[in-house]
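K.L.:
Here you go, sequence then predicted model.
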Amino acid sequence: MDSVIVRHDIAPAIEIPTHKTNYHHLAYELSSNTFKAIQIGKEEYIGNFERGDLCLHPASYSASYSWETTDEVIAMAIKPDFLRDIAEQSECRNSGRIELTSIIKSRDPILGQIASSFLREMATKGIGGRLYSETLATQLAIHLLRNYSAVPLQPKQYSGGLSPSQLKIVIEYIKANLAEKIGLKDLASVAKISPSHFLRLFKQSTGLTPHQFVIQQRVELAKRLLKENKLLIIEISACCGFASPSSFAKMFRKVVGITPKAYRQQF
């Protein structure tokens, strides 16, 4: 996913001279009591950073960094074209004039939650899959456009969810493709709307994000196959679209409360 590149960085003491970047960079602090000197554009801060502090370095700004001890962050690089695409899809006013504002040592619970979700996804080697990563990236883009744009960029609001016919065809597509890698763009294309609109309207219709719904359907299919007792658990994992038997076991246990093997033994 080149639209948003996420890294878990642990870096020694370093001094990074003034530079610009082609991406918007967002850093979520994981260390505590780390002394830093940061300048982004005309803003400057020298002092301690704590876990949960955020820095946003827009692509158009010059910046310099230094810190005196080992530093640990979740680093997110967001492609400007991706933000522009989301703004246009969301029918934002002034979508052609996207300019993010810089932030140094700020707090934002929503950005913190997104960063932590990316970190968990990396720690589990992508257990959530393509749909989950694309959902997080889209949520990140929408939040940045709403809250950190120099020019007001409020996405158009839609209510009422997907139409019955849209919801029906999307659910049919999901059930027919559970063994495949389902992406947010795939589902939005089936509904014939943009990914950012689809994300909001699908949740209004079902109460679940697309990723949560797909996982629910995969687990339900796995339960049926386990009851039939015709396939090996490793075969069921592949039939249901899980990345690996281990990710299948982890997700199944998370949803059902027991392992696939224990579930099969009940019948």
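P.N.:
Arrived safely, thanks for sending. Since the structure is predicted, the reported quantities are computational estimates derived from the model, not experimental observations. Numbers count the residues shown, from 1 in each chain.

K.L.:
switch to C-alpha atoms for all contacts and neighbour counts from now on
P.N.:
Noted.

K.L.:
does residue 263 count as helix, strand or coil?
P.N.:
Assigned by DSSP: H, G, I helix; E, B strand; the rest coil, the conformation of residue 263 is helix.

K.L.:
Please determine how far it is located from residue 229.
P.N.:
11 Å (C-alpha to C-alpha, to the nearest Å).

K.L.:
And those two? Which one has more around it.
P.N.:
Taking other C-alpha atoms under 10 Å, residue 263 and residue 229 do not tie; residue 263 has more neighbours (16 against 12).

K.L.:
For this structure, just list every one of the strands.
P.N.:
Under the criterion DSSP state E, the chain contains strands at 4-11, 14-19, 24-29, 34-40, 43-49, 54-57, 63-67, 71-78, 103-106.

K.L.:
Need these in CSV (columns: mean pLDDT and distance to residue 121).
P.N.:
Converted to CSV, those look like this (pLDDT from 0 to 100; distance: least, C-alpha to C-alpha, whole Å):
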stretch, mean pLDDT, distance to residue 121
strand 4-11, 94, 10
strand 14-19, 93, 28
strand 24-29, 96, 15
strand 34-40, 95, 25
strand 43-49, 94, 25
strand 54-57, 96, 20
strand 63-67, 95, 27
strand 71-78, 96, 12
strand 103-106, 94, 24
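
K.L.:
Which among those strands is found nearest to residue 137?
P.N.:
Nearest of the strands of the chain to residue 137, taken as C-alpha to C-alpha: strand 4-11 at 6.3 Å.

K.L.:
now the angle between strand 71-78 and that closest one, please.
P.N.:
Here the directions of strand 4-11 and strand 71-78 differ by 160 degrees (axes from the mean of the first three to the mean of the last three C-alpha atoms, to 10 degrees).

K.L.:
For strand 4-11, output the C-alpha coordinates as PDB.
P.N.:
In PDB, the C-alpha atoms belonging to strand 4-11 read as follows (Å, rounded to 0.1, in the frame of the first residue of the first chain):
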ATOM      1  CA  VAL A   4       0.200   5.300   3.300                       C
ATOM      2  CA  ILE A   5       3.600   3.800   4.400                       C
ATOM      3  CA  VAL A   6       3.700   2.800   8.000                       C
ATOM      4  CA  ARG A   7       6.900   1.900   9.900                       C
ATOM      5  CA  HIS A   8       7.700   1.000  13.500                       C
ATOM      6  CA  ASP A   9      10.900   3.000  14.000                       C
ATOM      7  CA  ILE A  10      13.400   2.600  16.800                       C
ATOM      8  CA  ALA A  11      16.200   5.100  16.200                       C
END
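
K.L.:
From the contact counts, what lies against that strand?
P.N.:
strand 71-78 (3 or more C-alpha pairs under 8 Å, 6 or more residues apart in numbering; DSSP states H and E).

K.L.:
Try it again at 10 Å.
P.N.:
Contacting strand 4-11 under the criterion 3 or more C-alpha pairs under 10 Å, 6 or more residues apart in numbering; DSSP states H and E are the following elements: strand 24-29, strand 71-78, helix 80-89, helix 109-123, helix 129-147.
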